[in-house]
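[1] my questions are about this predicted structure, shown below with the sequence.
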Amino acid sequence: MQNILIVDDMKVNLKVLEVLLSRNGYNTTAALSGKDAMDLLRVKPVDLIISDILMPEMDGFQFCRLCKLDENLKHIPFIFYSSTHTESTARKLAGKVGAKAFITKPADPAMLLKTIDTILDGRDLLLDDHEESMADNASATKTYNGPDTGPSGDQNICRALLKNIPCAVWTVNSGGNITYISPAVESITGFAMEHLLKTGKRQWLTRVHPDHVQSVKDAYKNLYRNRIALDIEYCFECRNGEFIWLHEKSGLPYTKKGIQYVDGVSLDISEKKFLQAHRMESRERQTMQTFSQGIARDLNTFITGITGYIELSGMACTTPSEQQDFLTGALEIAQRASQLTRQLATLSDRHSPTMEKVLLSEVITAATHGVFDSTGIDLKLDIPTDLWPCRVDPGPMTRAMTNVLLNAKESLGTNGFIEVVVQNLSVKKIEFMSNTALSPGDYTKITIRDNGRGIKTEHLHRIFQPYFTTKPRKTSQGKGLGLTMSQAVITRHGGVITATSPGEAGTTMNIYIPASRTTAITKSSRFPGPATDRILMVDDDETVQPITCQILEREGFQVTCVKTETDAVKTCKNAMTDNLPFSLVIVNLMADENKIPGLTILKQLKTMHPDLPCIASSIYTDDALMQQYKHHGFNVILPQPHAAGELVAAVRQLLRAPTG
């Protein structure tokens, strides 16, 4: 991990940069003066220095000059980050003392991070180091396209500079004519200077990749109409037909003899883009490897445990009591495996959730039940009565909150406290936080704070990755998909979740869910259905069907099992003819209604028996089709895999419900 030294005589400025950089994967060291910084540099190596200018005793320029004179320090890149009112003069001095960049406070965090990343990439940084000065150079040399009339010494120096720098410096007017372009353009694009001077910017745009043409045109419109300087990246087709990535920046338009001109620079950043893509691919590959290894490990653990318990229960020397204990152990492991499959189904779901307008206080209350059964943990709830309602899918959202609370609980051990604070929040302008942003609007904010062991700064940005954990290797606590699933659900609802761990002492999770100031809350109606006990089960799974039938029959229900749509319709019709109608039907419904015609079956059964209560059974309970089960005529949705008790409870609930 790369180390950055921050130097500023204002502690608040140091803190802001420390938080921003640490959250983006950098180690930071802070100093309140140039003298303190020099002392630190002699004992602790760094990869980059970011310094203020206006400081007592030793200003930033003096500090930078000392660094550049020191054989052991002169290689360290230097960025000035200052709010000096003499920006133009300070920028020139910064270049003279050897700084890589000058950034004016306050800077956009994304721009600051981009500059830091670029400098630490270690490539030739002429564009990034001296963009403004090169734009000035382009302006100063825009008349060089004419015949040489004896340039001065300064002009000769400028010409030599433009000839050798690896980026194209250019001047273009509002008519699209290129009035100057430096020799480097030929080595970058393959096109000769004379050709580009003749064909102009419009011909240049014909070589821009089709996917980027509109964004480039829009950038030039904003340049001339709204005076927004260019800062764009796009693909460009070279003379040999190969595409390269260009980074194009400009100054603001100026007028000369009634014509508007713009000076700018274009740099080939193809290598940088390749390295970025390679790093991204490497990260994704590592994440997928960790994910697949975690799934394989969990499944192997579950299968080993279940198989072991079943083998023990079948041994001749096993007593009935031991046999019952072994089977109970196998069932508990199977239920844990069931939880894993539900989490995987949630992560793979790409449909929009089915929303209901609810108060998140109800979701939080439901999530806390069963999580905090330990008397050693002090749970503090601060939930106001005037919360704005949110449109959420209650089931997945409750599971998401439960996972966050479980994570907080596991960080405490046997004692500690967890505080849950819920509040209304109105965001007026976009707020940047960690690696995400919160758009303007109304939100319900949930803060879950614990006083556990905390999370190291370098781990914070990874805690939502599958199977990433900071828990001890030999712990029995969860190390899987909990926070990953929570983030997926919250993001799918248009929300944001962030994590902080100040001083690595305790962790704070902030969750923002879009809210509405209206107060109407819809109450769900009860399920209709008769109170008889003949059940029709439609399922073509040869493993699931016989087990489900046996469970229901052992509970005293009369069950008829069929596998196809034709058999289901025929069986139901015969039952109606014999005046022995079914009181309930269970249909195994896949996420894709075209795979198993569960909806078609139900429509035909409802035609014969309009009041027939129906249970949909599926692994894809978070799918959009499943979430609209009532619309399709089902009364209850039962997730797979499910425990026998869940199945029986759902059946009994429908059979006890009043008709109408």
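    Structure received.
[2] all contacts plus neighbour counts: C-alpha atoms, from now on.
    Fine.
[3] show the pLDDT at E553.
    Looking at E553, its pLDDT stands at 77.
[4] ignore what I typed, I meant I430.
    Per the predicted model, pLDDT is 72 at I430.
[5] quick one: contacts for the nearest residue to it once chain neighbours are set aside?
    For I430, ignoring the flanking residues on the chain, the nearest one in space by Cα to Cα, 6 or more residues apart in numbering is S439 at 4.7 Å. Each residue near S439 by Cα atoms under 8 Å, 6 or more residues apart in numbering is listed here: V427, K429, I430, E431.
[6] the last one and D211, how far apart?
    Computed as Cα to Cα, to the nearest Å, the E431 to D211 distance reads 30 Å.
[7] cool, the third one as well?
    The span separating I430 from D211 equals 28 Å under the rule Cα to Cα.
[8] with the first one instead?
    Computed as Cα to Cα, the V427 to D211 distance reads 34 Å.
[9] just R23 next, same as before
    Computed as Cα to Cα, the R23 to D211 distance reads 33 Å.
[10] cool, L120 as well?
    With Cα to Cα as the criterion, L120 and D211 are 29 Å apart.
[11] so between the two, which is more surrounded?
    L120 (15 against 10; other Cα atoms under 10 Å).
[12] which residues does the more buried one contact?
    D47, L48.
[13] doesn't D218 make contact with L230?
    No. If you go by Cα atoms under 8 Å, L230 and D218 don't touch, sitting 10.2 Å apart.
[14] look at the two and report which has more neighbours.
    L230 (21 against 10).
[15] which residues touch the more buried one?
    L230 touches A219, Y220, L223, E248, K249, S250, G251, counting by Cα under 8 Å, 6+ apart.
[16] can you put these in a markdown table and add distance to F78 and secondary structure?
    Shown next, in a markdown table, are those (distance: Cα to Cα, whole Å; DSSP: H, G, I helix; E, B strand; the rest coil):
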| residue | distance to F78 | secondary structure |
| --- | --- | --- |
| A219 | 31 | helix |
| Y220 | 32 | helix |
| L223 | 30 | helix |
| E248 | 23 | strand |
| K249 | 22 | strand |
| S250 | 23 | strand |
| G251 | 24 | coil |
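[17] pLDDT weak spots in the stretch 401-550 of the chain?
    433-435, 469-480, 503-504, 518-532 (pLDDT under 70).
[18] at which residues are the strands of it located?
    416-427, 431-433, 436-438, 441-450, 496-500, 507-514, 534-538 (DSSP state E, counting those that start in this stretch).
[19] can you check what angle separates the fifth one from strand 441-450?
    Here strand 496-500 points in a direction 30 degrees away from that of strand 441-450 (axes from the mean of the first three to the mean of the last three Cα atoms, to 10 degrees).
[20] need the residues that contact strand 496-500.
    Under Cα under 8 Å, 6+ apart, the answer for strand 496-500 is 433-434, 436, 438, 460, 487, 490-491, 507-513.
[21] in a strand, K92, correct?
    No. Judged by DSSP: H, G, I helix; E, B strand; the rest coil, K92 forms no part of a strand; its state is helix.
[22] can I take it that L612 is in a helix?
    No. Checked against three-state DSSP, L612 lies outside a helix; its state is coil.
[23] hang on, it packs against L602?
    No. Judged on Cα under 8 Å, L612 makes no contact with L602 at a distance of 9.5 Å.
[24] quick one, which of the contacts of S439 are buried?
    By neighbour count, with 16 or more other Cα atoms under 10 Å, the contacts of S439 hold no buried member.
[25] closest one to K100 out of these, please.
    E431 (28.8 Å; Cα to Cα).
[26] if I look at that closest one, how far off is I490?
    Relative to I490, and taking Cα to Cα, E431 is found at 18 Å.
[27] elements contacting whichever helix or strand L327 is part of?
    L327 is located in helix 320-348, with elements delineated by DSSP states H and E. In terms of contacts (3 or more Cα pairs under 8 Å, 6 or more residues apart in numbering; DSSP states H and E), helix 320-348 is packed against helix 270-313, helix 482-492.
[28] what is the burial count for the closest residue to P641 other than its chain neighbours?
    Distance criterion Cα to Cα, 6+ apart; nearest residue to P641, sequence neighbours excluded, is S338 at 5.4 Å. For S338, the tally of surrounding residues (other Cα under 10 Å) stands at 18.
[29] from the middle of its chain, how far away would the strand or helix carrying Q260 be?
    Using DSSP H and E, Q260 sits in strand 259-268. Relative to its chain's centre, strand 259-268 lies at 36 Å (Cα atoms, centre = their mean, to the nearest Å).
[30] ok, now stretch 245-264?
    37 Å.
[31] quick one: which of the contacts of L230 is nearest M355?
    Of those, the one sitting nearest to M355 (Cα to Cα) turns out to be A219, at 38.7 Å.
[32] would you quantify the distance from that closest one to T414?
    For A219, the distance to T414 equals 58 Å [Cα to Cα].
[33] who's more crowded, the two?
    A direct count of neighbours by other Cα under 10 Å for A219 and T414 places A219 higher, at 18 against 11.
[34] distance of the closest residue to T199 other than its chain neighbours from Y261?
    When the adjacent residues along the chain are set aside, T199 lies closest to N177, with 7.7 Å between them (Cα to Cα, 6+ apart). N177 is 10 Å from Y261, where distance means Cα to Cα.
[35] looking at these two, which has the bigger crowd around it?
    Set N177 next to Y261 and count neighbours by other Cα under 10 Å: Y261 wins out with 23 against 18.
[36] the more buried one bridge partners, please.
    Beta-bridge pairing for Y261 (DSSP bridges): N173, Y254.
[37] check the one 4 residues further on too.
    When bridges are taken as DSSP bridges, the partners of V265 come out as V169, K249.
[38] from T104, how far off is it?
    Distance from V265 to T104, by Cα to Cα: 21 Å.
[39] do you have the strands of the stretch 101-250 of the chain handy? List them.
    Ranges of strands in the stretch 101-250 of the chain, per DSSP E, counting those that start in this stretch, are 101-104, 168-173, 178-181, 231-237, 243-250.
[40] can you say which of those strands is nearest to L647?
    Per Cα to Cα, nearest to L647 of the strands of the stretch 101-250 of the chain: strand 231-237, 56.9 Å.
[41] now the closest one against strand 259-268, angle please.
    Going by the same axes, to 10 degrees, strand 231-237 is angled at 70 degrees with respect to strand 259-268.
[42] that older thread, in a markdown table, list the strands of the stretch 401-550 of the chain along with distance to R297.
    Below are the strands of the stretch 401-550 of the chain laid out as a markdown table (distance: least, Cα to Cα, whole Å):
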| stretch | distance to R297 |
| --- | --- |
| strand 416-427 | 31 |
| strand 431-433 | 34 |
| strand 436-438 | 32 |
| strand 441-450 | 29 |
| strand 496-500 | 27 |
| strand 507-514 | 28 |
| strand 534-538 | 34 |
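[43] what about the helices in the stretch 1-150 of the chain?
    With DSSP state H, counting those that start in this stretch, the ranges of helices along the stretch 1-150 of the chain come out as 11-23, 34-41, 60-69, 87-97, 109-120, 126-129, 131-140.
[44] for S617, which of those is the nearest?
    helix 11-23 (43.2 Å).
[45] thinking again about what came up before, so how far is E332 from the residue nearest to P641?
    10 Å.
[46] for the closest residue in space to T28 that isn't next to it in sequence, what are its contacts?
    Excluding the flanking residues, the one nearest T28 by Cα to Cα, 6+ apart is I4, at 4.9 Å. By Cα under 8 Å, 6+ apart, the contact set of I4 is Y26, N27, T28, T29, V46, D47, L48, I49, I50.
[47] between those, which sits nearest F302?
    Using Cα to Cα, the contacts of I4 come closest to F302 at Y26, 38.7 Å.
[48] so that closest one touches I6, yeah?
    No. Between Y26 and I6 there is no contact under Cα under 8 Å: 11.7 Å.
[49] who has more neighbours, these two?
    Between Y26 and I6, I6 has the larger neighbour count (other Cα under 10 Å), namely 24 against 17.
[50] T457: neighbour count?
    20.
[51] my bad, should have said R23
    20.
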